[in-house]
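Participant: fold the stuff below for me.
(one chain, ligands or ions: 1)
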Amino acid sequence: MAFPTTRLRRLRRSESLRSLVRETRLTPDALVYPLFVCPGEGVRKEVRSMPGVFNLSVDEAVNEARQTHALGVPAIILFGLPEKKDEVASGAWEEDGIVQQAIRAIKREVPGLVVIGDVCLCEYMSHGHCGVVKARSAPQSLGAAARDALNTASVVSVKNREEKEKAIETLASFAARAAQFDYEIVNDATLDLLARTSVSLAHAGVDIIAPSDMMDGRVAAIRKALDDAAFSNTPILSYAAKFASGFYGPFREAADSAPQFGDRRSYQMDGANLREAMREIELDIEEGADMIMVKPAMPYLDVIAAAHERFDVPLAAYQVSGEYAMIEAAASNNWIDRERVMMESLISIRRAGASIILTYYAREAAKLLT
Ligand SMILES: [Zn+2]
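Facilitator: Down below sits the predicted model:
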């Protein structure tokens, strides 16, 4: 039946009519609030690129957890900023690691709140990568680079501008070669550390283990380690399709986890690949993931929709730091209506098919929804 019999605007005439026919609803019980825990006491250090988000000492994290729970948000996810970093990520799996301390304190003070432990090594590794780094070739020493450069430069007699530029280019390429070295993020050696970290978090009382490293086979390794340690009831929420994304920028400041060299493209997914994302998810479910996640959210809504269509496990999506920072930046310039865009961004993720949304807006959205 076409116009004029059909008039879709009939059901948009008032808020009560619109609400009655609304297809997607957002409720606070779908939200997870991320917290960044750091050493010290009474510490609340705002993340420069994420206004309203803080590095919190354990006591402050407990306060924040209590308030979050009171607002009707059922879960938090914890990230840690350790006292010191090293080459084996000790801070991730030590019994008194910063996240382990926070889990114990929060589970004691706010027992009803679900605590999810992010499992990755980048925050605890001196090099900032998510796995164990093995050098394939040593970096060239600066002395050797300078000698090579001088040898090359001495055969170039600089007569005119063109030659001078060419000589500078040659020198620059030597300097660049000295600065970088060939390395590999070793998959299987990393699995042991991830498994050890997961068991340590389970011992501290975490409710859900959420591996975010993107190593192959990590879900199976973690499941086995948890079962062997008598944590067969601890579920795994796998960051199954995590894309190498520019939207993580502000998080790296928040968690102090930027790689010191190279990037994460050899383990995180290529942003162009939807079919591969389905394979990643399928494998993680086979390995024993109880829930899956797509990250980031808004630039990958099609991946969320496809995953929702195809898989019957609970599906989470992470509205990442860059998504948050963009909204905050535009709103602070009065270019957009902050609350409206915040809620619109969350409903879009829900509509795409995510039943769980990890977001820095969890608390504010919960306030507006109740
Ligand atoms: Zn990582």
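
Participant: going forward, measure contacts and count neighbours with C-alpha atoms only.
Facilitator: OK.

Participant: residues from the stretch 101-250 of the chain in reach of the ion?
Facilitator: Cys120, Cys122, Cys130, Asp213 (C-alpha under 5 Å from the ion).

Participant: how many neighbours does Leu26 have?
Facilitator: When neighbours are defined as other C-alpha atoms under 10 Å, Leu26 has 19 of them.

Participant: do Phe79 as well
Facilitator: Phe79: 23 neighbours (other C-alpha under 10 Å).

Participant: domain ranges for the protein, per the record?
Facilitator: 22-133+185-369, 142-179 (automatic domain parsing).

Participant: and the first one, how far from the chain's centre?
Facilitator: Shown here is domain 22-133+185-369, whose average C-alpha point lies 5 Å from the average C-alpha point of the whole chain (C-alpha atoms, centre = their mean, to the nearest Å).

Participant: compare the residues of the stretch 101-250 of the chain next to the ion and tell me which is most surrounded.
Facilitator: Counting neighbours by other C-alpha under 10 Å, Cys130 comes out on top of those with 29 neighbours.

Participant: can you classify the closest residue to it other than its chain neighbours as helix, strand or coil?
Facilitator: Using C-alpha to C-alpha, 6 or more residues apart in numbering and skipping residues adjacent in sequence, the residue nearest Cys130 is Cys122, 4.2 Å away. On the three-state scheme (DSSP: H, G, I helix; E, B strand; the rest coil), Cys122 is labelled coil.

Participant: from Phe261, how far off is Cys122?
Facilitator: From Cys122 across to Phe261, the span is 12 Å (C-alpha to C-alpha, to the nearest Å).

Participant: what residues are up against the residue nearest to Cys130?
Facilitator: Ala89, Gly128, His129, Cys130, Gly131, Ser257, Ala258, Pro259 (C-alpha atoms under 8 Å, 6 or more residues apart in numbering).

Participant: on the pLDDT front, check the second one for me.
Facilitator: The reference is to Gly128. pLDDT, Gly128: 93.

Participant: what of the last one?
Facilitator: Here the pLDDT value assigned to Pro259 is 90.

Participant: give the burial count for the residue nearest to it when sequence neighbours are not counted, as a bare number.
Facilitator: Nearest in space to Pro259, with sequence neighbours left out and distances taken as C-alpha to C-alpha, 6+ apart, is Gly128 at 4.1 Å. Using other C-alpha under 10 Å, Gly128 has 26 other residues around it.

Participant: quick one: contacts for Gly128?
Facilitator: Gly128 touches Leu121, Cys122, Ser257, Ala258, Pro259, Gln260, counting by C-alpha under 8 Å, 6+ apart.

Participant: what helix or strand does Phe79 sit in?
Facilitator: Taking DSSP states H and E as the criterion, Phe79 maps to strand 75-80.

Participant: give me the sheet partners of that strand and which way each runs.
Facilitator: Partners of strand 75-80 in the sheet, by DSSP bridges, are strand 31-37 (parallel), strand 114-119 (parallel).

Participant: give me the mean pLDDT for the first one.
Facilitator: When the per-residue pLDDT values of strand 31-37 are averaged, the result is 98.

Participant: mind listing the strands for the stretch 201-350 of the chain?
Facilitator: Ranges of strands within the stretch 201-350 of the chain are 208-211, 237-242, 291-295, 315-318, based on DSSP state E, counting those that start in this stretch.

Participant: using JSON lines, please lay out these together with mean pLDDT.
Facilitator: JSON lines is the format used below for the strands of the stretch 201-350 of the chain (pLDDT from 0 to 100):
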{"stretch": "strand 208-211", "mean pLDDT": "98"}
{"stretch": "strand 237-242", "mean pLDDT": "98"}
{"stretch": "strand 291-295", "mean pLDDT": "98"}
{"stretch": "strand 315-318", "mean pLDDT": "98"}
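
Participant: looking at those strands, which is buried most?
Facilitator: Of all these, strand 237-242 has the most neighbours on average by mean count of other C-alpha atoms under 10 Å, namely a mean of 28.

Participant: dump it to CSV, restricted to CA.
Facilitator: The C-alpha coordinates for strand 237-242 follow below in CSV (Å, rounded to 0.1, in the frame of the first residue of the first chain):
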residue,chain,number,x,y,z
LEU,A,237,35.1,-12.8,26.8
SER,A,238,37.4,-12.8,23.8
TYR,A,239,38.4,-9.6,21.9
ALA,A,240,37.9,-11.9,18.9
ALA,A,241,37.9,-9.3,16.1
LYS,A,242,40.2,-6.5,17.2
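
Participant: return the list of helices and strands in contact with that strand.
Facilitator: strand 208-211, helix 275-287, strand 291-295 (3 or more C-alpha pairs under 8 Å, 6 or more residues apart in numbering; DSSP states H and E).

Participant: what's the second one in contact with?
Facilitator: Applying C-alpha under 8 Å, 6+ apart, the external contacts of helix 275-287 come out as 217, 219-220, 223, 238, 240-241, 269, 291-292, 303, 306-307.

Participant: if you set the cut-off to 6 Å instead, what comes out?
Facilitator: With contact meaning C-alpha atoms under 6 Å, 6 or more residues apart in numbering, helix 275-287 is reached by Val219, Ala220, Ala240, Ala241.

Participant: report the rounded mean pLDDT for it.
Facilitator: 98.

Participant: in that helix, what counts as buried?
Facilitator: Ala277, Met278, Glu280, Ile281, Glu282, Leu283, Asp284, Ile285, Glu287 (16 or more other C-alpha atoms under 10 Å).
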